[in-house]
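Trainee: Generate a structure from the sequence data that follows.
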Amino acid sequence: MADRVRRLGLAAAVGLCLLAGAAAAQTATEGPLRLVPKSIPSPAVEQPPAPPVPVPPQPSPAATVVRPGQPAATPAPIPQPAAIADPAQIHPPTPRAQPTDGVAAVRAFYEALGQADAARANTYVVPEKRGSGAYDIASMNRFYGNMSVPVRLLAAEPIGRDAVRVRYHYVYVNGRTCDGAAEVALAERDGLALIERIKALNDC
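Mentor: Next comes the predicted model:
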């Protein structure tokens with residue numbers, strides 16, 4: 001009986017040693033236990049949005065700042081379109097002949113016809129006949145503008161005090177040639193020698 005008790009005590013002592021060794025091995029492997037307090041997140045506090053930063057208005061580059069007491073700047077002048085030259089100043093009309101120079105008036109009349117300028121030719125005609133009948137400006141421009149060879153005055157000779165005999169030549173656009181002759185009657189109007197009537201001496 002005593003041997004059995006002794007064996008049981010020995011076995012209990014060996015078991016305690018084994019448990020102590022296992023505990024020591026586990027402690028060496030895992031290390032000492034540490035108690036770390038768990039942080040508690042603080043509740044989020046909602047912040048109000050920041051107010052916008054005001055931006056001062058910037059002056060326009062073209063604007064002019066006028067301070068008190070400072071005279072206002074004179075505005076820039078508005079560009080004006082270039083003046084159109086008067087055609088009468090570029091090409092002044094041929095001066096009309098004087099009353100004692102009826103031949104010069106007749107020559108100027110046929111010179112204007114050679115340039116198909118019926119308006120200028122009419123300035124050598126008495127006022128009551130200008131622009132009408134045989135002196136209609138549109139008809140004269142159309143007729144004398146259709147020349148393959150313009151009207152050319154060949155001769156102008158005075159016959160008496162108030163008449164001039166002329167000879168002229170032209171070729172119409174259709175090829176018809178005219179070697180014409182006419183008597184030009186003159187009249188005085190306001191101190192000027194003007195053409196009153198033209199009488200053709202042949203068919204043209």
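
Trainee: use CA for all of it now, contacts and neighbours both
Mentor: Noted.

Trainee: Where does pLDDT dip in the protein?
Mentor: Applying pLDDT under 70 to the chain flags the ranges 1-77, 79, 81-100.

Trainee: CA atoms only: put stretch 152-172 into PDB for me.
Mentor: Extracted C-alpha coordinates of stretch 152-172, given in PDB (Å, rounded to 0.1, in the frame of the first residue of the first chain):
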ATOM      1  CA  ARG A 152     -13.000 113.200-136.700                       C
ATOM      2  CA  LEU A 153     -13.400 116.800-137.800                       C
ATOM      3  CA  LEU A 154     -11.500 117.400-141.000                       C
ATOM      4  CA  ALA A 155     -12.200 121.200-141.500                       C
ATOM      5  CA  ALA A 156     -14.200 124.000-140.000                       C
ATOM      6  CA  GLU A 157     -14.400 127.300-141.900                       C
ATOM      7  CA  PRO A 158     -16.600 130.300-141.100                       C
ATOM      8  CA  ILE A 159     -19.200 131.400-143.700                       C
ATOM      9  CA  GLY A 160     -20.500 134.700-142.600                       C
ATOM     10  CA  ARG A 161     -20.800 135.900-139.100                       C
ATOM     11  CA  ASP A 162     -23.100 133.200-137.600                       C
ATOM     12  CA  ALA A 163     -22.300 130.000-139.500                       C
ATOM     13  CA  VAL A 164     -19.500 127.500-140.000                       C
ATOM     14  CA  ARG A 165     -19.100 124.900-142.700                       C
ATOM     15  CA  VAL A 166     -17.600 121.600-141.500                       C
ATOM     16  CA  ARG A 167     -16.300 118.400-143.000                       C
ATOM     17  CA  TYR A 168     -15.900 115.200-140.900                       C
ATOM     18  CA  HIS A 169     -15.300 111.500-141.300                       C
ATOM     19  CA  TYR A 170     -16.300 108.400-139.400                       C
ATOM     20  CA  VAL A 171     -16.800 104.600-139.900                       C
ATOM     21  CA  TYR A 172     -19.800 103.000-138.200                       C
END
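
Trainee: Then Val103 would be within a strand, right?
Mentor: No. Under DSSP: H, G, I helix; E, B strand; the rest coil, Val103 sits outside any strand and is assigned helix.

Trainee: Show me the strands in the protein, by range?
Mentor: Ranges of strands within the chain are 147-158, 163-172, 177-189, 192-200, based on DSSP state E.
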